[in-house]
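Peer 1: Following is a predicted model, sequence given first.
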Amino acid sequence: MVDWYPDDKKYRLQGKTAEQIVAEKNGSDRTDAFGQRFVIQTNKVSLEDLKNHEEQTRGQAQQVINEALYKGLHAKAEPKLENVEVISESLKGQAVKFTWSVKVVPAVLDLDPASTVDKIQNKDEEKHRDPVVSRDVPTS
């Protein structure tokens, strides 16, 4: 049950604030965003080349949003790549860790679900997208 607590001006679900719910879903103390890490094996290339690989980073960003939705969190912005680091190297390749985060709110406490980001736009799609049609829903 969602309740309004006027003393701290927050909605709570079963006595938990949005920040506490996000921290539980993260499995960490982080309360401001949902985070996810990806580790991939690559040939030895620069980290800048990996950061600029559009298909890979767009796919990872979409997976961050999907995982947040699966855990009951609504993304309110596109995911941000926080860090890219080499975690191990071999003669021919390397293991690279990508760390992502996205601002989220718990779905049950989301007062504006229409603003949820659920798809990462391709740069080509942005150029050729149809104009946005109003999604006003009549209220009764």
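Peer 2: All right, it came through fine. Residues are numbered from 1 along each chain as shown.

Peer 1: And the helices in the protein?
Peer 2: 18-26, 47-51, 54-70, 123-127 (DSSP state H).

Peer 1: Mind checking the pLDDT average for the first one?
Peer 2: Right, helix 18-26. The predicted model gives helix 18-26 an average pLDDT of 80.

Peer 1: Select, out of the helices of the chain, the one closest to V117.
Peer 2: For V117, the closest of the helices of the chain is helix 54-70, at 6.3 Å, according to Cβ to Cβ. C-beta: built from backbone N, CA, C; applies to glycine.

Peer 1: and that closest one with helix 18-26, angle?
Peer 2: For helix 54-70 against helix 18-26, the angle by axes from the mean of the first three to the mean of the last three Cα atoms, to 10 degrees is 120 degrees.

Peer 1: about what we covered before: adding mean neighbour count and distance to V108, write the helices of the chain out as JSON lines.
Peer 2: Listed next are the helices of the chain as JSON lines, based on neighbours: other Cβ atoms under 10 Å; distance: least, Cβ to Cβ, whole Å:
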{"stretch": "helix 18-26", "mean neighbour count": "18", "distance to V108": "8"}
{"stretch": "helix 47-51", "mean neighbour count": "13", "distance to V108": "35"}
{"stretch": "helix 54-70", "mean neighbour count": "17", "distance to V108": "13"}
{"stretch": "helix 123-127", "mean neighbour count": "8", "distance to V108": "31"}
